[in-house]
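Engineer: need a 3D model of the following:
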Amino acid sequence: MLEKAKLLRAQEGDIKSIEEICSSTWEPLYRFIYHLVQNREEAEDITQETYVRALSKVQSGDTGIDSYVSYLKAVSLNIVRDRWRRKKRRGITISLDDAKPVDAAVENAEAEVLQRDFIESALNKLNEEQRSVIELRILKGYSVAETAKIMDKKDGTVRVIQYRALKNLAALMKSDR
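Structural biologist: From the prediction side, this is the model:
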């Protein structure tokens with residue numbers, strides 16, 4: 001009810017209501033957007049654009065909004081999707097003369113083989129249980145619950161094993177370099 005009253009006042013152009021809406025929603029909105037884009041500058045831009053779009057819609061008379069946090073998140077998600085579509089359509093421009101595809105393919109293949117061997121060597125140094133959890137969770141993409149069922153363990157146990165395995169793996173890979 002309080003949100004609806006603020007929205008109605010904001011629709012009428014009450015600056016204080018608009019400021020209250022913005023100050024009470026900016027942090028969860030920014031966190032939501034940052035989680036999507038993983039870039040501080042882009043998240044700030046999208047947050048600002050979200051408020052501009054949402055407030056102009058509210059001031060135009062559309063007050064069929066039950067929760068402005070949910071509404072702002074929906075608007076921001078649409079903005080993010082629009083940006084992703086534009087990026088996808090544009091693609092990446094590269095010059096084939098500068099790229100030298102044959103050299104890049106050979107270098108990438110060699111580097112990939114070396115990296116794969118390095119990771120495989122580190123994985124083989126883990127105990128069987130940790131290696132199984134890493135294989136199921138990370139390489140095969142199973143959920144914690146699915147991994148726990150396969151290994152006949154509890155969810156919490158799988159999480160602990162995964163944490164320790166990743167910690168050990170990081171230490172092994174750091175020491176091998």
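
Engineer: so which residues of this protein form strands?
Structural biologist: Assigned by DSSP state E, the strands in the chain number zero.

Engineer: care to break it down by domain?
Structural biologist: 2-90, 96-176 (automatic domain parsing).

Engineer: what about the first one, average pLDDT?
Structural biologist: It stands for domain 2-90. Per-residue pLDDT over domain 2-90 has a mean of 83.

Engineer: so Met151 is in contact with Arg131, correct?
Structural biologist: No: using Cβ atoms under 8 Å, Met151 is not in contact with Arg131, being 11.5 Å away. Heads up, the C-betas are built off the backbone N, CA and C, glycines and all.

Engineer: list phi and psi for the residue of the chain most remote from its centre.
Structural biologist: Computed with Cα atoms, centre = their mean, the maximum C-alpha offset from the centroid of the chain is found at Glu12, amounting to 36.4 Å. Dihedral angles of Glu12 (phi, psi; degrees, to the nearest 10) stand at phi -80, psi 0.

Engineer: quick one: buried residues of stretch 115-134?
Structural biologist: By neighbour count with 16 or more other Cβ atoms under 10 Å, stretch 115-134 contains the buried residues 122-123, 126, 130, 132-134.

Engineer: now do it: distance to the chain's middle.
Structural biologist: Distance of stretch 115-134 from the chain centroid (Cα atoms, centre = their mean, to the nearest Å) equals 26 Å.

Engineer: do the same with stretch 158-166
Structural biologist: On Cα atoms, centre = their mean, the centre of stretch 158-166 falls 22 Å from that of its chain.

Engineer: stretch 78-90 too?
Structural biologist: Mean-position distance between stretch 78-90 and its chain equals 15 Å (Cα atoms, centre = their mean).

Engineer: which parts of it are buried?
Structural biologist: Buried residues in stretch 78-90, counted by 16+ other Cβ under 10 Å: 79-80, 83.

Engineer: could you do stretch 155-162 as well?
Structural biologist: 157-159, 161-162.

Engineer: which among those residues gets closest to Glu112?
Structural biologist: Using Cβ to Cβ, Gln162 is the member of the buried residues of stretch 155-162 that lies nearest Glu112, at 25.1 Å.

Engineer: tell me which stretches of this structure form helices.
Structural biologist: Remark: helices assigned in the chain by DSSP state H are 2-11, 15-37, 40-59, 68-90, 96-99, 101-124, 128-134, 144-151, 155-176.

Engineer: who touches the fourth one?
Structural biologist: The set of residues external to helix 68-90 that reach it, using Cβ atoms under 8 Å, 6 or more residues apart in numbering, is 3, 6-7, 21, 25, 28-29, 32-33, 36-37, 42, 46-47, 49-51, 53-54, 57, 65.
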